[in-house]
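**Q** What follows is a predicted protein model with its sequence.
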Amino acid sequence: LLNPTYLEHYPPQHLIVQESDSATGLLQATIQEGASLLMVGSLPKSQTEILRRGSVITKLLQQAPCPVLVWRRPSRTGGLKRVLVPVDNTPFSYHAIQQAIIICREFGGAIQIFFVASDEAEITTRIRELENLMNKMEWHDVPHELQMESGPIIDSIVKQCELREVDLIIMGTHAVNPHGGPTLVSKTLEVVRQVPCPILVVHPQAN
């Protein structure tokens with residue numbers, strides 16, 4: 001980001017320096033600046049273990065008032081052409097799809113809606129529900145498809161990301177799971193730890 005050529009084309013508005021722990025300082029600056037996106041850098045699990053419980057990114061995903069973009073490597077396609085949106089049985093998936101449509105309209109990308117079921121029987125019972133969700137969306141001519149498979153959720157998402165050479169993953173999340181069990185943040189964190197591409201995390205409270 002400090003490359004002179006980059007700064008010439010994208011000059012920063014200003015630099016904020018705060019005396020606080022990383023997560024608190026970033027959250028305060030995000031609120032004070034009215035930011036519409038918080039972008040942070042990270043490395044996947046194979047290279048670092050920064051996403052341990054209580055880490056900076058964990059707190060940001062739980063508390064940030066805007067979407068959080070965890071950035072990794074540059075896009076393999078030179079843009080945002082392949083966007084993967086994992087969905088589940090919560091309403092937060094709807095917000096992730098909305099964000100995907102906005103981004104793909106801007107950058108000419110295509111969306112793959114990806115649902116991982118526990119078994120083949122769940123695919124049969126959920127396919128109509130997911131098709132109804134997709135029919136409710138305003139796609140604005142953005143190319144999109146629905147893919148369903150059964151297996152371990154996290155492993156399936158990581159495999160799909162690598163197989164399709166995905167440029168960006170968008171996931172809806174929330175600090176509290178209304179259905180009980182592991183929080184959606186914990187699931188998202190596992191994806192963030194393992195996928196090699198950038199991931200955008202959104203939730204209904206985010207601007």
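**A** Alright, I've got the coordinates. Numbers count the residues shown, from 1 in each chain.
**Q** residues contacting the residue nearest to Val202 when sequence neighbours are not counted?
**A** With C-beta to C-beta, 6 or more residues apart in numbering as the criterion, Val202 has its nearest non-adjacent residue at 4.5 Å, and that residue is Pro67. Any C-beta I mention is one placed from the backbone N, CA and C, and that applies to glycine too. In this structure, Pro67 makes contact with Ser36, Leu37, Leu38, Gln99, Leu200, Val201, Val202, Ala206, judged by C-beta atoms under 8 Å, 6 or more residues apart in numbering.
**Q** Narrow the residues you listed to just the buried residues.
**A** Leu38, Gln99, Leu200, Val201, Val202, Ala206 (16 or more other C-beta atoms under 10 Å).
**Q** Helix or strand for the second one, just tell me which one.
**A** It refers to Gln99. Under the assignment given by DSSP states H and E, the secondary-structure element containing Gln99 is helix 92-107.
**Q** Now do the helices for the protein: every range, in order, please.
**A** In order along the chain, the chain carries the following helices (DSSP state H): 4-9, 22-33, 56-63, 92-107, 120-136, 153-163, 184-194.
**Q** okay, those in TSV with distance to Pro143 next?
**A** Formatted as TSV, the entries for the helices of the chain read as follows, by distance: least, C-beta to C-beta, whole Å:
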stretch	distance to Pro143
helix 4-9	29
helix 22-33	33
helix 56-63	29
helix 92-107	8
helix 120-136	13
helix 153-163	17
helix 184-194	23
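**Q** and these as CSV, adding mean pLDDT?
**A** Putting those into CSV (pLDDT from 0 to 100) gives the following:
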stretch, mean pLDDT
helix 4-9, 58
helix 22-33, 86
helix 56-63, 81
helix 92-107, 90
helix 120-136, 87
helix 153-163, 92
helix 184-194, 76
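**Q** Which of those helices sits closest to Phe114?
**A** In this view, the helices of the chain are compared for proximity to Phe114 by C-beta to C-beta, and helix 153-163 is the closest at 5.8 Å.
**Q** ok, and what's touching the closest one?
**A** Applying C-beta under 8 Å, 6+ apart, the set of residues contacting helix 153-163 is 84, 86, 112, 114, 116, 147, 149, 166, 169, 187, 190-191, 194-197.
**Q** can you check stretch 120-136 too?
**A** 87, 89, 93-94, 97, 113, 115, 117, 144, 146, 148-150.
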